[in-house]
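Participant: Got a sequence here, can you build the structure:
(one chain, ligands or ions: 1)
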Amino acid sequence: MAQYGSEVYHNYDQPHQFAKKGATGAKTITEAQRKVQVIRETDVIVVGGGPGGIAAAVSAARAGAKTILLERYGHLGGMSTGGLVNIIPNLGDIYGTQHIGGFCQEVIDRLAARSAACFPDKRFWGKSEAAVVDTYLKANMMHFYIRKNKEGKYVVLYTAVIDPEVAKDEMNTIVLEAGAELLLHTWVTAPIMDGNRVKGVIVESKSGRQALLGKVVIDSSGDGDLLPATGTETVDYMIPGSRIAQFGFVYWISNVDLKKYDDFMTSEPDKYKEVTQEIQRLGGSPFFSRGLLDHQEGVVWVHRLIGSLHQTDIEEMTHIDVTTRKQSVRNWELLRDYMPGFEKSYIMLSSPQLGTSGGRRIVGEYYLTGKDMDTDTPFDDTIAVFADNDRGEKSLLYPKTYVPYRALVPKETEGLLVACRAFSADHDFSEFFNLIPHCMCFGQAAGAAAALAVKDGVDVRNVNFAALRSELIKHGAILP
Ligand SMILES: Cc1cc2nc3c(=O)[nH]c(=O)nc-3n(C[C@H](O)[C@H](O)[C@H](O)COP(=O)(O)OP(=O)(O)OC[C@H]3O[C@@H](n4cnc5c(N)ncnc54)[C@H](O)[C@@H]3O)c2cc1C
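Facilitator: Below is the predicted model:
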């Protein structure tokens with residue numbers, strides 16, 4: 001099982017076991033055949049507008065492919081906006097070297113230009129700057145921003161936070177500017193297959209059941225929704241207690257008087273301890289992170305983590321949404337009633353979408369495993385280099401990890417790429433490298449590869465890697 005470095009921790013608010021009802025299993029019905037209207041015939045269809053999907057759509061469109069992006073909700077960004085998981089970590093390593101550029105950096109730059117992204121200044125990356133370290137320790141954001149270097153000193157990582165509301169707007173703009181078409185409120189429910197080749201997708205929406213045909217389909221649904229019906233080999237094993245074996249429910253509390261809170265904590269430490277213990281005794285949690293967006297004063301972020309091994313099970317998802325919402329509101333009521341500084345606070349927002357971190361993953365042309373983290377050797381078809389910051393001593397030895405294009409290519413299904421956290425990796429690799437910046441790298445590579453496959457009239461598995469590499473570098477990717 002993957003081990004976190006000492007600075008990374010995960011405490012679940014709820015265990016993994018949920019009583020299930022319903023699903024009796026045996027009985028089935030046969031649906032009547034029906035004609036479905038084809039609403040688009042295009043080059044590249046991207047399923048899901050999260051970090052992987054927007055990168056894929058933009059990259060494919062920029063590389064010249066006629067592209068459409070399909071998203072079930074009314075906004076783009078997936079977890080990075082709708083999940084209120086607006087922290088983009090591990091852009092650089094413990095030594096201060098940036099590894100992730102390209103589309104991810106472009107999003108950060110565009111948001112920073114609108115004062116909607118914040119990150120430590122470049123001169124502090126990999127450095128022990130006490131004032132900067134203190135800011136993140138105080139914010140309870142150590143696991144995203146601070147690591148120990150070889151000398152045991154705290155150093156600052158390159159991690160960015162983005163404003164989810166501005167990001168939703170900017171992501172629409174980036175996608176449309178790139179020339180991709182966008183359909184929101186569109187659930188992709190099934191692939192259209194011709195033998196083992198994906199030829200398009202079926203969608204369901206307020207407009208009914210419709211079809212889209214495409215030369216390449218990119219599954220960026222996070223959970224790999226298309227995969228089971230394509231016959232693609234997948235795995236979904238997760239180790240209880242790991243980061244990927246959890247749902248997340250995030251909410252933001254506003255109008256907190258943090259000065260009053262800090263004064264209370266420092267001037268009356270015994271009383272502060274008493275209050276935190278009382279909140280815990282009453283079933284709440286007194287812990288939160290301070291909002292790190294510059295314009296957010298008096299806002300705190302609460303990330304509730306709920307262990308789950310079934311992140312595509314609607315019964316489990318419903319149970320978690322209902323119980324965690326109840327706990328979250330109760331938690332805020334306890335803070336409001338007991339904790340100085342929270343008297344006039346209110347919940348300004350809870351994540352519109354439940355946070356998933358694990359789920360199915362393909363067994364692709366290359367299956368990344370824990371061993372691939374312990375090497376200095378790039379692949380011949382490296383499409384991304386990731387900073388490895390979360391494995392304690394191992395990260396100091398191997399500060400970067402490589403990903404081959406083959407990890408996005410299913411083994412036997414044609415016309416399909418996977419550009420989301422369902423990429424081809426075992427539990428241990430996925431545990432560390434399925435975050436927002438990683439999925440953006442997968443998306444950028446998959447989009448460019450899909451466009452090249454269409455242009456050259458080849459299968460996605462036979463894309464000319466030299467051309468793919470040039471296309472990625474042209475758009476800022478940092479490759480070996
Ligand atoms: C509690 C928690 C905290 C996390 N914290 C961080 C963090 O701080 N930083 C970080 O980088 N990562 C974090 N992660 C992980 C990160 O959010 C995900 O790994 C990342 O968002 C994966 O990106 P994705 O594009 O694969 O999927 P998603 O972000 O899930 O995006 C998938 C998109 O596809 C859409 N979609 C899904 N199914 C369909 C369908 N059938 N039809 C149409 N559209 C569909 C969804 O609506 C969504 O927009 C966290 C995860 C959790 C659960």
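
Participant: confidence score at the residue of the stretch 251-400 of the chain found nearest the ligand?
Facilitator: The stretch 251-400 of the chain approaches the ligand most closely through Gly355 (3.1 Å), counting by C-beta to the nearest ligand atom. Every C-beta, even on glycine, is put in place using the N, C-alpha and C of the backbone. Looking at Gly355, its pLDDT stands at 90.

Participant: burial measure for it, as a count.
Facilitator: Residues lying near Gly355 (other C-beta atoms under 10 Å) number 22.

Participant: does it really touch Met79, like I thought?
Facilitator: Yes. Gly355 lies in contact with Met79 (C-beta atoms under 8 Å); the separation is 5.8 Å.

Participant: dump the residue contacts of the residue of the stretch 151-300 of the chain found nearest the ligand.
Facilitator: Closest residue of the stretch 151-300 of the chain to the ligand, C-beta to the nearest ligand atom: Gly248 (1.9 Å). Residues near Gly248 by C-beta atoms under 8 Å, 6 or more residues apart in numbering: 83, 85, 303-306, 351, 354-357.

Participant: One more: Lys199?
Facilitator: 192-193, 213-214, 415.

Participant: and it, helix, strand or coil?
Facilitator: Secondary structure assignment for Lys199 (DSSP: H, G, I helix; E, B strand; the rest coil): strand.

Participant: Quick check, pLDDT for it.
Facilitator: 98.

Participant: ditto for Thr24
Facilitator: 58.

Participant: circling back to that earlier point, any idea how far Ser285 is from the nearest residue to the residue of the stretch 251-400 of the chain closest to the ligand once chain neighbours are set aside?
Facilitator: Using C-beta to C-beta, 6 or more residues apart in numbering and skipping residues adjacent in sequence, the residue nearest Gly355 is Gly248, 3.0 Å away. Distance, Gly248 to Ser285, using C-beta to C-beta, to the nearest Å: 14 Å.

Participant: Could I get the contacting residues of the closest residue to the ligand within the stretch 1-150 of the chain?
Facilitator: Residue nearest to the ligand within the stretch 1-150 of the chain: Gly50 (1.9 Å; C-beta to the nearest ligand atom). By C-beta under 8 Å, 6+ apart, Gly50 lies in contact with 76-80, 220-222, 420, 439.

Participant: In helices, which of these appear?
Facilitator: Members of the contacts of Gly50 lying in helices (criterion: DSSP state H): Cys439.

Participant: lowest-pLDDT helix or strand in this protein?
Facilitator: The least trusted helix or strand in the chain, going by mean pLDDT, DSSP states H and E, turns out to be strand 355-356, with a mean of 88.

Participant: residues contacting the spatially closest residue to Ser221 that is not a sequence neighbour?
Facilitator: If the residues on either side of it in the chain are set aside, Ser221 comes closest to Gly48, at 3.8 Å by C-beta to C-beta, 6+ apart. If a contact means C-beta under 8 Å, 6+ apart, then Gly48 has 70-72, 78, 188, 219-222, 225, 420 as its contacts.
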